[in-house]
Every structure is written in C-alpha cells, then in structure tokens.
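Q: Output the structure for:
(chains A and B)
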Number of protein chains: 2
Amino acid sequence: MEILRKILKKKGGKIVLVVADGLGGVPHPDFDFKTELEYAKTPNLDKLARESVLGLTIPIDFGITPGSGPAHMSLFGYDPIENDIGRGVLEALGINFALEDDDLAIRGNFCTLDENGLVVDRRAGRIPTEESKKLVEKLQKEIGKIEDVEVILKPGKEHRFVLVLRGEGLGEGVKETDPQKEGSYPIDPEPVDENGVKTSRVLKEFLRRAREILKDEEKANFVLLRGYSKPPRLVPFEEKYGLRPLALAYYPMYKGLTRLLKMETPDGLNNFDELLDYMEEHYSEYDFFYIHYKDTDKAGEDGDFLKKVEKIEYFDSKIPRILKMEPDVLAITGDHSTPSLMASHSFHPNPLLVRSRIAGSDDAREFNERTCKNGYLGIFHAVKLMPLLLAMAERLKKFGA
Amino acid sequence: MEILRKILKKKGGKIVLVVADGLGGVPHPDFDFKTELEYAKTPNLDKLARESVLGLTIPIDFGITPGSGPAHMSLFGYDPIENDIGRGVLEALGINFALEDDDLAIRGNFCTLDENGLVVDRRAGRIPTEESKKLVEKLQKEIGKIEDVEVILKPGKEHRFVLVLRGEGLGEGVKETDPQKEGSYPIDPEPVDENGVKTSRVLKEFLRRAREILKDEEKANFVLLRGYSKPPRLVPFEEKYGLRPLALAYYPMYKGLTRLLKMETPDGLNNFDELLDYMEEHYSEYDFFYIHYKDTDKAGEDGDFLKKVEKIEYFDSKIPRILKMEPDVLAITGDHSTPSLMASHSFHPNPLLVRSRIAGSDDAREFNERTCKNGYLGIFHAVKLMPLLLAMAERLKKFGA
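A: A predicted model of the protein is given here:
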C-alpha cells in the first residue's frame, strides 16, 4: 500500500474505530448453537447494521490465531508479521515507561515455587498490585546493575512487572523462563543464538539474585520472564494516514501499542464509560478515534458464554453515546475472536460493521457472524480495513487518470 | 500469473467483455436508498443474471479509487500499480498519435487567466473543438522546437490538447502546472528530480511563448500541463492470452489504452450503437471483444441519479444485440464505480455478471450491487477476471498432472 501515501488528502471525515476485544465467537451447543453475538440482545447494533455495510476480517491469515498485539497491528493497517512487537515492549509501553531504542524489555510475572522448585502458581495467586509493587521496589533496590547493564524494574497490575535491560549487546535470542504450565520447573534462560549470550548471562544472574531476595515470600517467591523484545521502528500513525489520532483504552497493552504508533493515549481512564467521557470531551480535537472495550475478550477467555453475552449487551447499550458524536465513519469490530466454547483467542474472522454516507449496498438487519458473512464488504484481511475507512471518510484521492 | 502463459490453449470460445464505465453505485437517500442499477428497469440484464454467475470485483485494492486507466488495466489483467500509465500517454494514444519509445507526452488544457494571472477557468469555458484546434495549430506553427527538442502539438476534444516533447534526456520528474482549482496561479514546472531538469527548462520556455501567443484570446489565454509520461512497455494482449482482440470504444482514452496493449482499435465510431454495428460486422474475425459504454460514468460524474438510471436502461436495451452474436463467454461489468451520490469515481467494487456454459452455480434473479455481493464469484480483485474468462472459454489447460 505504498500508493496510499501518494493519494492521502489533507482533510476529510472523522473516523471512529470501536474495537470490542475478542468479539466474534462460534456457535455453542449449549445455547441453541448460537454465538454470543447472536444470543445477546443488541437492539442498537442491529439497528446500526441496517444503516451499515458488513463483512468479516481475517486478523492475520487463514487459520492463524493472533495475540492482541498483532491483531491490533492489522486493525491499524500495519502488517502484523513484518511488524511483530514483543510482549515485553508492549508491557513497558503500557505502563508508560519511556523505552530507549536499544532497550531490551521483558514481561515479568511473580510466581510461586514449591519446596522442590516446581512452579505451583504461575501468577503467585494474583497478588494485589500494592504488594507486588513493594516487591518490585525491593528487587530494584538490591539489583541496580549486572555487569555493565542497567537493570530497571517497574511494577504492573497484580503479579505483573516489567524488566528492562539497558546496555550494549543485549539480543533477544534467549529462552523464556515461563514453562507455561504449573508443575514444571522454570526454564533456564539459555541463549538460542549468538546475540543472546550476554542477555542470558545477565538474566541468569538476575534470577539468581531474585530467588535469594524473594525466598521468604509466601506466594511471590520467584519470577518468570518472557516476551524479550526491543522496540520496533514503526511509521507513526499520523504520518501514515494524515489523521490526528486519539487512542482510548483502559488496559496497558493497548495503550502501549498505540504509543508505539505515536497516537495520543491518555492515562488514568479505568473503564469503557470513562473512555467515552474523554472522547466526548475531546471529540473536536482529533480526526481518528480508536476506542477499546476489553470485557468481551475476558469473558470469552473465561469460557463464560453468558458473561460474554452480558458484556456484549453492555457494549450495545453504549452505542447511542458513540452515535451521538456523529462520526462520519463508524467501524465496529473485534481484533480477533474469543469464542467462549474455546475459552481462548481463535483464528475466526472478526464481525465488522461500517457506517458512512457512502458505505455501499447491504441488506443486513442484524449484527452477528452470519449476517457479516453475507455482507457487502466480504471477507478480507483486517490490514486492509484502514484504507477502506479512509476511503469512506473521503480522505483518498483518485489513483491514476 | 506467469503460469497462464504455460497453460494457454490455441483455441477455445469467444469472449465478450462489456464494460459500462462507472456502472456501480451506492444507495441514494433520495431514491429509496437504491443504487442506480437497482432503480433502473433492466429486464434484459435481470434475465441474463438468471443464466449467469455474479460477483463483485475490486478495481485496484481496498479503498482505492482508480482513474479509468488503471481500472481498465486491471480488467485486462495487467497489474495496475506495476503498470501505471500516465495521462499524457493515454491522451496521445487516444487521438491516434504514434508515440515513439522515448517521447514525453503531456496532457494540455486551455485555461482562462484573469488580469492578475490567476486561473479563473481551468477549462477555458470548454471552448469548442474547432476553436481549440485553431489555437493548437497557431501554437504549433510558432513553436516548432525548443533547444534540440521537437515540440509536437495535437488538438483533442474541446479545451484539451496533447503536447509531445521529442528529444533526448527528457525525464518525467517535473511539477504539473495545473493548480487543480480555480483562483490559484498556475504552478511553475520546476524539476522534482535530476531527470526533470531539461524537461523543466523546455516547458518553462514553452509556457513563456504560449502566454505571449495566447495573450489576446478572450477565454483560452493560457495553458495548463499535467500527466507528463512516457509510454510503458507492456506485453501485448494477444501475446499474453493467445486471443485475437478487438477493442471498441468511442472515447479517446480507452482507445489509447487498448492501443498500448496492441489490440485492434478502429477509429471513427461515435457511439455505442456504432460499436455494436462494427462488432456484428467483424464478429467472425476475433476471439476477444472489449466494448466500452461511457455514458453511465458521465451521468454518475454529473451527480445525476436519474440520468445514470436512464443510461443504464439504454445500455440494458442493447443487451439483446450482444446476445444475438452468441458469445461463448459474456462478461458485463464496470471498470470502477461512479455513484451519482458522490459525483465522482469511487472505490466501491464493480458489479460483475458472467455467462458461459460452464460458469457455475448461482441463484441471482437480478443484476445489481446487492445480488452481485451474494454471487458465486464472490468479491475478488479485477485483475483476476481475465484468467477466469479464459477458463470459462475453455482456453486454459490443466496445471500440473
């Protein structure tokens, strides 16, 4: 899409992209073979479907189940495979940590080991944020530097923290220590390639000291490390599309990702309602709004069909607030599907609805996976959504004569 | 599609590709939220839809609004981005001018400047062709050569003319002088890269002289230049597909484009009926027929919904003439959409209908955007249409064993 840059207009309509995380599902045998979206009562979305065009988007490619990072990269029009962003980087950005270009960011979890050193709880009983914060401070105080590498620790929510290594020669090629299941030993951070040798040495020393410092803790007596990564170089969203963007999210990772694209991303908003408050207040200041609703995904991950239904219905009840702002282009979709039948992210395409004056010809009367499959937009790769939204906002000039 | 060449058969059915320019539209709020194609009475197309398979084609890519040049390149199966053809080249070919390989072709417009030198009419009141022709001849007579560059001027329709620079070292990297809006000064043809330096010098001198020569004209007192381009090297259509092609169009640009593909393109045909006359007369001589109907696009560009409806109904009335020739494969589609709601080309996909003995399974009973979205052919990139038509004409061998 190199041609996009050549045909961008300086002006055009406002675009609102509403992402209900993990929105899509699959038919559930216990609920009349309906999906959550079919089962939920969504009068506002259904009414909107009549005025919109529908489709399905493939987050990455056929059969590929994405994490939220790559799924969002697609939604923002960045090839998610070319622009793979590590979990550590996303976590660091999510807590507002100013990463430097060569920093190696790592996602840390407190965990519980039993007397034999086996992981019995990968999340240390989800210890409270306050408690976790004290432990992070303690680690930081006692481990300031390893070799010539500055070791920076920052607390996250509950059992999570971010570990940043700042120094020269720190590659990503090291084994993650999280065994991904209980009842196993933590994995040693052995190097997997040459550029991981120094990182491996530093991490081994870090873990040795952390084990010593935490040994008397009841729950959080060790740490697991994963998502070693350096910040990628990405074209800022505003430069790519000529849109002044506002990104609204109440979960760290999504804020982190939008910061990487240099979107404006306010802190201190704690739920979807607060995002909408902020959006209403600042609606005149931006051209593009990304607003993220997390709760659908959480309920899906919990495998709780009715809870996901409830979260969808809550989401539906907020649609009128968005419509009241009168966006020129309104897109509602997921980043990936999270069927409660699977209790996990999945490869299924995302239901998509787009309303604009010039959206096109559709005949849907409801918004769900089945109506979306018959939609005018067809089934297409999510990475193509942004060009389509720009076109519907009349922000693209003609290509060629 | 390099494999195509390897699997081409020497024989097979006749293919007729009928292009109603700008055919597709979007639902119009003043006309019961119907598109032009839905609103129009099209008994012949609807009957044909029952015997055909339908689909939608994306002219270039999601969200991209094409000019007619790239949109047609896609229809003919040439990647429109790799094979970008300049406006100047298309105009030159359209008036039957024999471009040489290194010629630089430029699209010219007469325009009106006010006493301060501001453009007050980019088309000089659309002066009549006869008047414009005289001015072109005057310019040609007085400006034969600049430096070592031969300056060739050819009249077009109304305010349009073609300027060809023939000489060495003439690159395309020069600013277009058309400000694209009234109330602005013409832009100086400054070079934008090294290979435009000489071109810039020659054009500045050309414009200096033209301003002097035209200064006493009431309307056409200056010229605007754009679309600087050299002819691309393209594989001829016949070589690419093993089809002997006849291209029928009554507008210059379309003839120009088909000449670039070395199709046979008769001159002197002035409307769709005359194209059909010619086609009937020469039907036995060719394997592939491209026949172009312009009026749908013009009405759409004028933003005149009912006029576009009327032009569609006229088009529909000609379908029996085409059917009478009994093509083995008949495709009817647009090159791009031109919704009268937008009064411009758009990014929306093209309605497509294909009839052949082996077309496939469809259940459409009407031909419009909504029935096409549900069609057997799905939504696909227009550049894939030609292979599909070849297959339906039984002109492709099996790939592999």
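Q: For the rest of this, base every contact and every neighbour count on C-alpha atoms.
A: Will do.
Q: Near A:His282, how many residues? Count them for me, please.
A: For A:His282, the count of nearby residues is 11 (other CA atoms under 10 Å in any protein chain shown).
Q: who does the lowest-mean-pLDDT helix or strand in chain A touch, helix- and strand-wise?
A: Ranked by mean pLDDT, DSSP states H and E, the weakest helix or strand in chain A is helix A:87-94, scoring a mean of 86. Other helices and strands packing on helix A:87-94, by 3 or more CA pairs under 8 Å, 6 or more residues apart in numbering or on different chains; DSSP states H and E, are strand A:104-113, strand A:160-166, strand A:222-229, helix A:252-260.
Q: try 6 Å this time
A: strand A:104-113, strand A:222-229, helix A:252-260 (3 or more CA pairs under 6 Å, 6 or more residues apart in numbering or on different chains; DSSP states H and E).
Q: Would you mind identifying the next helix or strand past the first one?
A: Read in the C-terminal direction, the helix or strand following strand A:104-113 is strand A:119-121, with elements assigned using DSSP states H and E.
Q: now do the shortest one
A: Remark: after strand A:222-229, the chain's next helix or strand is helix A:237-241, criterion DSSP H and E.
Q: does any part of that next one sit near chain B?
A: No - for a cut-off given as CA under 6 Å from any CA of the partner chain, helix A:237-241 has no contacts with chain B; the smallest distance is 12.8 Å.
Q: In the stretch 201-350 of chain A, what residue comes closest to chain B?
A: Nearest residue of the stretch 201-350 of chain A to chain B: A:Tyr241, at 12.8 Å (CA to the nearest CA).
Q: roughly how far apart are that residue and A:Leu207?
A: To A:Leu207, A:Tyr241 is 44 Å away according to CA to CA, to the nearest Å.
Q: So for these two, which residue has more residues nearby?
A: A:Tyr241 (23 against 18).
Q: quick one on the thing from earlier: need the contact partners of the least confident helix or strand of chain A.
A: A:105-107, A:162, A:227-229, A:231, A:252-253, A:255-257 (CA atoms under 6 Å, 6 or more residues apart in numbering or on different chains).
Q: Check those and tell me the two furthest apart.
A: Within the contacts of helix A:87-94, two members stand farthest from each other by CA to CA: A:Tyr228 and A:Lys255, at 18.8 Å.
Q: Quick one: mean pLDDT over stretch A:181-191.
A: What stretch A:181-191 shows for mean pLDDT is 95.
Q: Roughly how far does the spatially closest residue to A:Asn109 that is not a sequence neighbour sit from A:Leu153?
A: Computed as CA to CA, 6 or more residues apart in numbering or on different chains, the closest residue to A:Asn109 that is not its neighbour in sequence is A:Arg160, at 4.6 Å. Distance of A:Arg160 to A:Leu153, computed by CA to CA: 11 Å.
Q: Likewise for A:Arg365?
A: 51 Å.
Q: Look at these two and report which has more neighbours.
A: A:Leu153 (24 against 15).
Q: Against which helices or strands is the one helix or strand the more buried one maps to packed?
A: Assigned by DSSP H and E, A:Leu153 falls within strand A:149-155. For strand A:149-155, the elements it packs on are helix A:129-142, strand A:160-166, judged by 3+ CA pairs under 6 Å, 6+ apart.
Q: Could you say which of those is packed most deeply?
A: By mean neighbour count, with neighbours taken as mean count of other CA atoms under 10 Å in any protein chain shown, strand A:160-166 ranks first of the helices and strands packed on strand A:149-155 at a mean of 25.
Q: contact partners of that one?
A: Contact with strand A:160-166 is made by A:92, A:103-109, A:149-155, as judged by CA under 6 Å, 6+ apart.
Q: Share the number of residues neighbouring A:Asp302, please.
A: Applying other CA under 10 Å, I find that A:Asp302 has 17 neighbouring residues.
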